[in-house]
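A.B. asks: need a structure here:
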Amino acid sequence: MSTQSANTYLRTKVMTASPEELRLMLLEGSIKFARQGIEGLDANNPEKTFSGFSQCRDIVFELLNTIRDDIDPELAQNARGLYSYLYRLVVEARFEKDRAKAESLVKLLEFERETWVMLMQQLAAERGTTPAAAPESQAAPTRGVISLQA
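C.D. replies: Purely as a prediction, here's the structure:
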């Protein structure tokens, strides 16, 4: 597939996606770019490290800024706390070149993605619809203990 075809496909996918699917795409993008940052650290490639973590940071910032208070202010505040922590973690991982922090970031983002997919499935069941499958949602869930200590 050519770059132009891929861009057209992606543009169409974004323009036709529900708000829930858009958030899922952002979560998947943040995971992808955090992994690229880790690859850059492993390869001692400052450009790849910078690019991956910077793009992940931008997505996490967007996710943080799109949290709405109007439905459940307490839940929104808790989500803001999580995304603020993720933002700090990606910034620290990049500047400190800290692989452990970067791995914690990826684990938390994956957990958040898995939680979001479960929410989408619940909403689809309540609406009597079938949720659109995201590419990574085919993978087996990775359950485990998540620690918020860096």
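
A.B. asks: mind checking the longest helix of this protein?
C.D. replies: Looking across the chain with DSSP state H, the single longest helix is helix 99-127.

A.B. asks: Show me what it is packed up against.
C.D. replies: With contacts defined as 3 or more Cβ pairs under 8 Å, 6 or more residues apart in numbering; DSSP states H and E, helix 99-127 has these neighbours: helix 19-42, helix 73-96. Where C-beta positions appear, they are placed from N, C-alpha and C, glycine not excepted.

A.B. asks: Need the winner for burial among those.
C.D. replies: Highest mean neighbour count among the helices and strands packed on helix 99-127 (mean count of other Cβ atoms under 10 Å): helix 19-42, with a mean of 19.

A.B. asks: on that earlier part again, for the helices and strands packed on helix 99-127, which one sits closest to Glu114?
C.D. replies: helix 19-42 (9.4 Å; Cβ to Cβ).

A.B. asks: Return the list of helices and strands in contact with the closest one.
C.D. replies: Checking 3+ Cβ pairs under 8 Å, 6+ apart, helix 19-42 ends up next to helix 3-16, helix 46-65, helix 73-96, helix 99-127.

A.B. asks: quick check: angle from the first one to helix 19-42?
C.D. replies: Helix 3-16 runs at 140 degrees relative to helix 19-42, counting by axes from the mean of the first three to the mean of the last three Cα atoms, to 10 degrees.

A.B. asks: how far does helix 3-16 sit from the chain's center?
C.D. replies: From the chain centre to the centre of helix 3-16 is a distance of 19 Å (Cα atoms, centre = their mean, to the nearest Å).
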